[in-house]
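1. sharing a model that was predicted from the sequence below.
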Amino acid sequence: MLLAQVEQVQVPDLDFPAIAPILIVLGAACVSVLFEAFLPRSARWGAQFGLSVLALAGAGAALLSYLGDAPATGVTTLAGAVAVDKPALFLWATLLILGLGSVLLIADRRVEPGGAFAADAAVRPGTIQDREQATTVMQTEVFPLALFSLGGMMVFTASNDLLTMFIALEVLSLPLYLMCGLARRRRLISQEAAVKYFLLGAFASAFFLYGLALLYGYAGSIKLSAIAQAAGGSDRSDTLLFAGIGLLVVGLLFKAAVGPFHSWSPDVYQGAPTPVTAFMGACTKVAAFGGILRVFSVAFESTSWEWRGVLWGVAIVSMLIGAILGLTQTDIKRMVAYSSVAHAGFLLIGSIALTDEGRAATLFYLLTYGFTTLAVFAVISLVRDANGEATQISSWAGLGKRSPVVALIFTVLLLALAGIPFTSGFVGKFVVFSAALADGMAPLVVVALLASAVAAFFYLRIIVLMFMREPEENGPTVSLPGVPTTITIALGVAVTVLLGVFPSAVLDWSLVGAFIS
Amino acid sequence: MSSAILLPALLLLPLVGAVVVALLRNNDRLARLSALGFSLAELVLAVFAWIAFDAGGARLQLTTSVEWIPQFGVNFALGVDGIALVMIALIAFLVPVVIGASWEEKLPEGRTLGGFLSLILVMETFMVGVFAATDVFLFYVFFEAMLIPAYFLIGRFGGPRRTYAAMKFFLYSLLGGLIMLASVIGVYVTSADVLGKGTFEWAKLVEISKDLSPTAQFWLFLGFFVAFAIKAPLVPLHTWLPDSAAEAPVGVGVLLVGVLDKVGTFGFLRYGLSLFPEASKQLAPLVLVLAVIGILYGAFLAFGQSDMKRFVAFTSIAHFGFIALGIFAFSSQSISGSVLYMVNHGISTGMLFLVVGMVMARGGSRKFSDYGGMAKLTPVLGGLFLVAGLSSLALPGTNSFVSEFLVLVGSFPNEPVFTIIASVGMVLAALYVLRAYQQVMQGPVRGTALVGLAGGPGSATDPESETFKSKIADLSRRELIVLAPLVALVIGLGVYPKPVLDVITPSVTATMTEAGVTDPVVSQEGNK
């Protein structure tokens, strides 16, 4: 009788080829933790770096081999908890490449001698131990943390029910909170960033969870498709539905640093070690918007008339906050943070278009924005003075004279962020705005274009500083990047320019297939 | 077949030149020689394009088209009509002149001549692209891309307030461009509604222009209009031009007022009248009012300027008023006159800018009041200043006369009131040009820029003495060679404008057909 009971337990079907990329990344993260525990300190950096790169490359290879015979409509697996469809595969590929770029930045030990991370994060800033640790080798715990976070992001973009999504959200967030506090220099501001991010992130998670509960109460299921069905025609309480959507969306928008829910991002971008900021700026944005896209188009499409007006407002607020407050920033990392708030507004426009074009445009924009941001932070990590990174904008004066190549690269990246033709940023803006216009959001597009014009001012200000001002005495210099950082910058710039000139292959890919419901 | 290669070659050649010159930037001599070589080769190509162009032939010629972003129906499509052709010829003509004029340019410290000339060549590519694009998306791309070299040229190589001027220039143009982007996307989306599949192809968009509702036309046109009104500068949107022109190096200033601003008026014709005929007619009164205000306002401000470069900028604003008047008066004479004006303005204002630059290179000051009686020291420069000035005020016998006359005669039947007010501008032009000439060139030698040079500020030195003359020398052979072709065109096109008009007229007629306007009957009997 006992045996019979055991047999009744249904083991869910596992589509291993489909979820292999996730398994590889999360598996490598576990191995990486073991490395941390059992390898001698001297061997750790090499082993961790090698493992991370291998894991990402392996996951990429698994993804590529699956791509060939992936069903066009996508599959759901793990008892319907994970949906592997074309958009998810696109997002995974984007995340893996951006993740690889971030890992390369994290591993660089030449720009900041010994690495950008603290040797012992628990030491109180300002103490003798803290000064001692500045001379020792960096901690390598950041590698498993990054892998876990990346694995969480991949699950997040593919999760087919809200509970999986919540768990993925936590898996991606918790390592990030820790990584923010690991900066080798300026420990205090780094720890402040970590605490701030953690506290606000905990609130956002609570919002998400509360929304999830209400939606479960409404639909009786946590599956995205079941919620869509329930909303499609029933006499259940609308209050539960809309309160649930509202709370859930707040949690999502917080992660994506959209509009009025952005307040953590400038502090965190500024305080976190720059490689981690790059990771957050590129990968978290991709994951968060991937999740938003899926939730909107799978679960809430039928009620879009009710919530879309609110998100119009959110998008406008986000663009205006990003563009206007960006003008007043004096720290370059904060400036990029505000610029990312403005970009989040643009992305939100694409996400709420809810058409095939809108989804494809958002996916494309995420890809282009991710690469540009990654390279932007890689360059920022190179410009240094005696106290570490020189993030004061004014100290960048005359950089074009001291290091013309770096200044030129940074100019290309800034022009891409501003959306000037022949860069990927322009094509991204173009596809998003044309999808929005086709879906009847003309006023939103006009606001977006005006916000772009305002935002262009602060990008230009940096170009002016670099090329049209004389360098200061004792100004920062550009340190010679190590190989990993060089690869990341080259990758980011190459993608930025290539997708600006020949975008059609990637556009094609982003257009294929829809979310499975 | 072989003619299809001409436009891509015209685009590519300066770009290759820019790379070569940038590589040679450590050697001034080689850099400027190769820059000149490339720009002259470009001129030769432009001449070939002129020969290959059949004035009576198809609407767009020398066409090539390569698929670029098929998902959005974007093609890398090039082609020219008569109007675009003369503008490309003007560019190809002005760039070598500008390079010759910048031969010994005094650049801010730390900047190389090679870098400067390289950016000029990059700008040439984009300028040619703007006029040669027959795909609205491609046009927009060139329109925006043009800003970048211009921005660096002003911001890196300009006068003392160069960063301010460059920023203002960039932001104004970018704002206009982004508003236009909304319309560009809008055009695409509406074309998708009409045709089933969206397109950016200009010729197809012209065909469906009748199917657009007046409201849609109005809003779409407005987006283009703002961008072009900023570029061309129509009056309330003009304030960037005096600053940019004043701070830009002389050569860049020539290209700025001579070519870059024409993109605006060209855009009115190609993308305003042809794509949105109804909206153009609807908004014409507004444009006409702004044009006439521009003519008078530009003239008055030119009269009041103490800075020579700003003076040239304000004369341009007045001239752009005439061009806009001619376009929106909707008669074949007035529009042909406007297109010819676009060419002539490039030549005469370009020459005025260069001459003023040569005056400043000698005196080292931009202020009129620092000069006086300079013709005694530099008679040839004085003479050429006068030629440029007279061409600018449209004296009969110079090139500008023909175009200004055509604009006024052609506009009168449709818009008598505006034309009469505009003709006051001709009188004012004489006033400001002659005042400028008188101040700088005539009378006894005076002014700190001239007298101060010889024997310290304010000291009266004998202008006949050899030491004095050696400080303020007349034109060098290089400067003469630079100005000679301009003088030839000023007089040549003044006496015999037919070759240019022949190329322009069929395209103007076609534009009018697309816009659905016909010549007023009176003018055909009265003026032909």
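-> Arrived safely, thanks for sending.
2. what's the weakest-modelled helix or strand in chain B?
-> Among the helices and strands of chain B, helix B:521-527 carries the lowest confidence by mean pLDDT, DSSP states H and E, at a mean of 49.
3. for the stretch 301-450 of chain A, what lies in contact range of chain B?
-> Taking C-beta under 8 Å from any C-beta of the partner chain as the test, the list of the stretch 301-450 of chain A residues beside chain B reads A:401, A:415, A:418, A:420-422, A:426-427, A:429-431, A:433-434, A:437-438, A:442, A:445-446, A:449-450. Placement of C-beta: from N, CA and C, glycine included.
4. please identify the residues of chain A in proximity to chain B?
-> If contact is defined as C-beta under 8 Å from any C-beta, the residues of chain A in contact with chain B are A:401, A:415, A:418, A:420-422, A:426-427, A:429-431, A:433-434, A:437-438, A:442, A:445-446, A:449-450, A:452-453, A:456-457, A:460-461, A:464, A:467-470, A:503-504, A:507-508, A:511.
5. just the buried residues from those residues, in PyMOL please.
-> The PyMOL command for the buried members of these (criterion: 16 or more other C-beta atoms under 10 Å in any protein chain shown) is given here:
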select buried, chain A and resi 415+418+420+421+422+426+427+429+430+431+433+434+437+438+442+445+446+449+450+452+453+456+457+460+461+464+467+468+469+503+504+507+511
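6. out of the residues of chain A next to chain B, list just those in helices.
-> A:401, A:415, A:418, A:426-427, A:429-431, A:433-434, A:437-438, A:442, A:445-446, A:449-450, A:452-453, A:456-457, A:460-461, A:464, A:467-468, A:504, A:507-508, A:511 (DSSP state H).
7. who's in contact with the closest residue to residue B:301 other than its chain neighbours?
-> Nearest residue to residue B:301, sequence neighbours excluded (C-beta to C-beta, 6 or more residues apart in numbering or on different chains): residue B:314, at 4.5 Å. Counting by C-beta atoms under 8 Å, 6 or more residues apart in numbering or on different chains, residue B:314 touches B:242, B:298-299, B:301-302, B:305.
8. ranking these by neighbours, who comes first?
-> Neighbours were tallied for each of the contacts of residue B:314 (criterion: other C-beta atoms under 10 Å in any protein chain shown), and the maximum of 29 neighbours falls on residue B:298.
9. which secondary structure element contains that one?
-> helix B:277-304 (DSSP states H and E).
10. pLDDT of that helix, averaged?
-> Summarised as a single mean, pLDDT over helix B:277-304 is 90.
11. quick one: buried residues of that helix?
-> B:277-281, B:283-284, B:287-288, B:290-299, B:301-303.
12. residue B:80: what's it in contact with?
-> Each residue near residue B:80 by C-beta under 8 Å, 6+ apart is listed here: B:7, B:49, B:53, B:60-62, B:88, B:131-132.
13. go on, residue A:469?
-> So, once contact is read as C-beta under 8 Å, 6+ apart, residue A:469 ends up touching A:397-398, B:163.
14. could I get the pLDDT score of the most centrally placed residue in chain A?
-> For chain A, residue A:284 is the residue whose C-alpha lies nearest the centre (C-alpha atoms, centre = their mean; 2.2 Å). What the model reports as pLDDT for residue A:284 is 94.
15. using the three-state scheme, assign it.
-> Under the three-state scheme (DSSP: H, G, I helix; E, B strand; the rest coil), the conformation of residue A:284 reads as helix.
16. that one against residue A:150, yeah?
-> No. Under the criterion of C-beta atoms under 8 Å, residue A:284 makes no contact with residue A:150, lying 10.1 Å away.
17. overlap of the contact sets of these two?
-> Taking C-beta under 8 Å, 6+ apart as the contact definition, residue A:284 and residue A:150 share the neighbouring residues residue A:172.
18. quick check, residue B:76 in a strand?
-> Yes. Under three-state DSSP, residue B:76 sits within a strand.
19. let me know the pLDDT of it.
-> 90.
20. check contacts around the residue nearest to residue A:182 when sequence neighbours are not counted.
-> With C-beta to C-beta, 6+ apart as the criterion, residue A:182 has its nearest non-adjacent residue at 4.6 Å, and that residue is residue A:117. Remark: with contacts taken as C-beta under 8 Å, 6+ apart, residue A:117 is in contact with A:106, A:138-139, A:142, A:182-184, A:273.
21. tell me the pLDDT at residue A:117?
-> Value for residue A:117, per-residue pLDDT: 84.
22. what residues are bridge-paired with it?
-> residue A:183 (DSSP bridges).
23. against residue A:381, how distant is it?
-> Between residue A:117 and residue A:381 the computed distance is 12 Å (C-beta to C-beta, to the nearest Å).
24. contact partners for residue 423?
-> All of this is about chain A. With contacts defined as C-beta under 8 Å, 6+ apart, residue A:423 is in contact with A:372, A:412, A:415-416, A:496-497, A:500.
25. actually it's chain B I care about, not the one you picked
-> Listed by C-beta under 8 Å, 6+ apart, the contact partners of residue B:423 are residue B:408.
26. next: residue A:343.
-> When contacts are counted by C-beta under 8 Å, 6+ apart, residue A:343 is found next to A:285, A:322, A:369, A:417.
27. what is the neighbour count of the second one?
-> Same thing as residue A:322. With neighbours defined by other C-beta under 10 Å, the count for residue A:322 comes to 27.
28. with adjacent residues omitted, what lies nearest to it?
-> Nearest non-adjacent residue to residue A:322 (C-beta to C-beta, 6+ apart): residue A:342, at 2.7 Å.
29. surely residue A:308 meets residue A:349?
-> No. The pair residue A:308 and residue A:349 does not pass the contact test of C-beta under 8 Å, sitting 11.0 Å apart.
30. on the pLDDT front, check the closest residue to chain B within the stretch 151-300 of chain A for me.
-> Nearest residue of the stretch 151-300 of chain A to chain B: residue A:293, at 18.8 Å (C-beta to the nearest C-beta). pLDDT for residue A:293: 93.
31. and what of residue B:317?
-> pLDDT for residue B:317: 90.
32. contact partners for it?
-> Listed by C-beta under 8 Å, 6+ apart, the contact partners of residue B:317 are B:233, B:235, B:238, B:241, B:294, B:297-298, B:301-302.
33. against which helices or strands is whatever helix or strand residue A:54 lives in packed?
-> Secondary structure assigned from DSSP H and E places residue A:54 in helix A:41-68. In this structure, helix A:41-68 makes packing contacts with helix A:16-38, helix A:86-107, helix A:142-158, judged by 3 or more C-beta pairs under 8 Å, 6 or more residues apart in numbering or on different chains; DSSP states H and E.
34. export the ones you listed to JSON lines and tack on mean pLDDT and mean neighbour count?
-> JSON lines is the format used below for the helices and strands packed on helix A:41-68 (pLDDT from 0 to 100; neighbours: other C-beta atoms under 10 Å in any protein chain shown):
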{"stretch": "helix A:16-38", "mean pLDDT": "93", "mean neighbour count": "19"}
{"stretch": "helix A:86-107", "mean pLDDT": "94", "mean neighbour count": "26"}
{"stretch": "helix A:142-158", "mean pLDDT": "95", "mean neighbour count": "28"}
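35. for these, give me JSON lines that also has distance to residue A:176.
-> Converted to JSON lines, the helices and strands packed on helix A:41-68 look like this (distance: least, C-beta to C-beta, whole Å):
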{"stretch": "helix A:16-38", "distance to residue A:176": "14"}
{"stretch": "helix A:86-107", "distance to residue A:176": "11"}
{"stretch": "helix A:142-158", "distance to residue A:176": "6"}
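36. alright, that wraps it up for me.
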